[in-house]
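Undergrad: Predicted model and sequence follow; I will ask about them next.
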Amino acid sequence: FQSCLLMERCGLFQCDVSIMAAPMSSGGEMLKVVVEMGVTLKVKENHETPEKTDTFYNPKMKMNREMVLIALATMAEEKDQLRCLDAFGATGIEGIMWSKYLRSKRPQVTISDIKEETTALIRRNVRSNGFTVRKEGDKTAQNSKTHEESVEEGDHNLKDEVKEEEDGNGEDPEEGWGMDEEEARQEEVVKKPEIEVVCCDANVLLHQRPFDFVHLDPYGCSVQYLDAAFRNVPKDGIVAVTSTDTSAVYGKCPNVTQRHYNGHITRSEFMREMAVRLILAAVVRAAARCNKGVDVLLSVVAEHFLLVIVRILRGPSHADTCLEQIQGVIHCQLCQERVFQPNDRMLNENSYTFLPCTCHNDKPGKTAILLGPVWSGPIFNLVFLKDMLYTSRGLLVSPITKNHLRTLVQEAQCPGARKGGQSEDDYEYDSQQAYQNPWKRRKTDGGEDGAQCLPHPAFYYNIHRHCSKNKDPPKMQKMLQYMRKEGYRASRTHFDPIAIRTDANLLQLKAVLDYYSNQTVS
């Protein structure tokens, strides 16, 4: 998967999006036709500049939309007629994709945006893709017919039937066939899936109505919408949060990070995972204010966005349990070692004792810094990721997204040493069999049951950074085999294509690297 991940980070992957010329809008502006995953959209010329357009469309966010679609499709396997909300519709592409690919599950899709011009274009895109726009007054209009009008209409129909019987067999068969075609056409129109388009602020809509699936994808920071998102979401509901404020979550603007996320981050080799855990800490706090906890299902970081998907657990006990997993991170600035700070009410005389490294004893001055607080629990759900990987086979998603899902499954599992002399090829074969058969539950990490396997270890290490200067590190696949051979858990990580996720600390990792690395020729 390394080549795919490197292509994605460098922006070399194909978006599979075609753009063509289109007619003008009602305001006289030229529109373009964009086709993505079978969905046809009409967007403006400046659709990639959110500050200057009302129809923001970013083709580089295609993977984000596909991940959300797969998560919703996986959730729809358990329950039909889900109430889904795309809180920031822009062009309406996500809501249209949900209705298009989940038509058999009959989702109740709602697309919202705060601008009237944007919602007008969303309605146009909805109709151009073969769906009808559901209005709030449709149901009342259908039920507004009085009882006398219904009786009168029934009398007219009865008279027409009696007249046809008196005419005998003189009716035209072609005319009857045409009527049947017209009725079938009308029934087809009636059976068209409906999509609700609402011009409303996302916070107001989320406070007014409950939704089973909510996707928050604002321009920039999303923390100001978290309280409203968790206000009415039901038990086992899912909330997907997309953040694009990379300058804040990656530590480039410390004041903004403190103001929005109540935390401190510095640039480091594991800053991408720290950014995810920082966002999850804000999500957990917002859910706890509504007496709810979360089960983190998925965390994805790409070049332009960070996506976290959580499932709701109702009850103050779940909220308290999740809050206990928000901890600080003690980070050594010399060797890049890191460890979670225990949540202890008592003061600790020397916090350096929590670090496995000896940099503080060997070097003068203060060598470590306290980061966070961040989420210290799991950032993946192995069972849900396997279900997503199986569900993606029935959807028209790109190979890059499927490769990311495979990497996420391996990262969530983070396998250790295998018993019985099983080779790496056998392990890969068993993994593929488990992906192809959703009912097959493999036993991992020596556990008696796959569901009881240990959660994946936190953080990852860049093997090129920590390898000795006069040695060449092993290939990634070989390095994983060596780590498992030495008794550690190890896997690839989608955060960094040349890093591994392992439960070994930095000193143990360097020992394995030094032992199996090749000496360079001077």
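TA: Alright, I've got the coordinates.
Undergrad: And the strands in the stretch 401-522 of the chain?
TA: 460-462, 471-472, 490-492, 499-502, 518-519 (DSSP state E, counting those that start in this stretch).
Undergrad: what about the fourth one, distance to the chain center?
TA: Strand 499-502 has its C-alpha centroid displaced from the chain centroid by 22 Å (CA atoms, centre = their mean, to the nearest Å).
Undergrad: That one: partners in the sheet, and parallel or antiparallel?
TA: strand 460-462 (antiparallel), strand 490-492 (antiparallel) (DSSP bridges).
Undergrad: And the lowest mean pLDDT element among the helices and strands of the protein?
TA: helix 138-142 (a mean of 39; mean pLDDT, DSSP states H and E).
Undergrad: can I get the strands of the stretch 401-522 of the chain in TSV with mean pLDDT, mean neighbour count and distance to residue 508?
TA: For glycine as for every other residue, the C-beta is placed from the backbone atoms N, C-alpha and C. What follows is the strands of the stretch 401-522 of the chain, written out as TSV (pLDDT from 0 to 100; neighbours: other CB atoms under 10 Å; distance: least, CB to CB, whole Å):
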stretch	mean pLDDT	mean neighbour count	distance to residue 508
strand 460-462	97	22	10
strand 471-472	90	14	17
strand 490-492	97	24	11
strand 499-502	97	24	8
strand 518-519	79	9	20
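Undergrad: Could you export the ones you listed to TSV, including columns for distance to residue 33?
TA: As requested, the strands of the stretch 401-522 of the chain are exported to TSV (distance: least, CB to CB, whole Å):
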stretch	distance to residue 33
strand 460-462	42
strand 471-472	51
strand 490-492	39
strand 499-502	41
strand 518-519	54
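Undergrad: Which one of the ones you listed lies nearest to residue 398?
TA: For the strands of the stretch 401-522 of the chain, the distance to residue 398 is smallest for strand 490-492, at 19.3 Å, taking CB to CB.
Undergrad: Quick one: closest of the strands of the stretch 401-522 of the chain to residue 322.
TA: Here strand 499-502 is closest among the strands of the stretch 401-522 of the chain (CB to CB), at 22.3 Å.
Undergrad: send the alpha carbons of stretch 121-140 over as CSV?
TA: Extracted C-alpha coordinates of stretch 121-140, given in CSV (Å, rounded to 0.1, in the frame of the first residue of the first chain):
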residue,chain,number,x,y,z
LEU,A,121,-28.7,25.0,-6.9
ILE,A,122,-28.9,21.9,-4.7
ARG,A,123,-32.5,21.4,-5.6
ARG,A,124,-31.5,21.7,-9.3
ASN,A,125,-28.9,19.1,-8.9
VAL,A,126,-31.3,16.8,-7.0
ARG,A,127,-33.8,16.9,-9.8
SER,A,128,-31.2,16.5,-12.6
ASN,A,129,-30.1,13.1,-10.9
GLY,A,130,-33.7,11.7,-11.1
PHE,A,131,-34.8,12.5,-7.5
THR,A,132,-37.7,14.6,-6.3
VAL,A,133,-37.3,17.4,-3.8
ARG,A,134,-39.4,16.8,-0.7
LYS,A,135,-41.1,20.0,0.7
GLU,A,136,-42.5,20.5,4.1
GLY,A,137,-46.0,21.2,2.8
ASP,A,138,-46.2,18.1,0.6
LYS,A,139,-47.8,15.9,3.3
THR,A,140,-50.3,18.6,4.3
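Undergrad: Make 6 the starting number, not 1.
TA: OK, 6 is where the count begins now, so the last one is stretch 126-145.
Undergrad: Show me what that stretch is in contact with.
TA: Identification of contacts with stretch 126-145 by CB atoms under 8 Å, 6 or more residues apart in numbering yields 30, 44-48, 59-60, 94-98, 100-101, 104-105, 116, 118, 194, 197-202.
Undergrad: Tell me which entries of these lie within strands.
TA: Assigned to strands by DSSP state E, the following of those qualify: 44-48, 116, 118, 199-202.
Undergrad: Nearest to residue 416 among the residues you listed?
TA: Closest approach to residue 416 among the ones in strands among the contacts of stretch 126-145 (CB to CB): residue 44, at 30.1 Å.
Undergrad: Quickly list what residue 114 is bridged to.
TA: When assigned by DSSP bridges, residue 114 has beta-bridge partners residue 89, residue 200.
Undergrad: Around it, how many other residues sit close by?
TA: Neighbour count of residue 114, defined by other CB atoms under 10 Å: 29.
Undergrad: How about residue 362?
TA: Per other CB under 10 Å, the neighbour tally for residue 362 reads 20.
Undergrad: thinking again about what came up before, please produce a markdown table containing the strands paired with strand 504-507, extended by distance to residue 109.
TA: Formatted as a markdown table, the strands paired with strand 504-507 follow (distance: least, CB to CB, whole Å):
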| stretch | distance to residue 109 |
| --- | --- |
| strand 465-467 | 39 |
| strand 495-497 | 35 |
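Undergrad: quick one: which of these is nearest residue 330?
TA: Nearest of the strands paired with strand 504-507 (CB to CB): strand 465-467, 19.1 Å.
Undergrad: Now do the closest one: distance to the chain's middle.
TA: Counting by CA atoms, centre = their mean, strand 465-467 comes out at 23 Å from the chain centroid.
Undergrad: Going through the contacts of stretch 126-145, which ones are buried?
TA: 30, 44-48, 59-60, 94-98, 100-101, 104-105, 116, 118, 198, 200-202 (16 or more other CB atoms under 10 Å).
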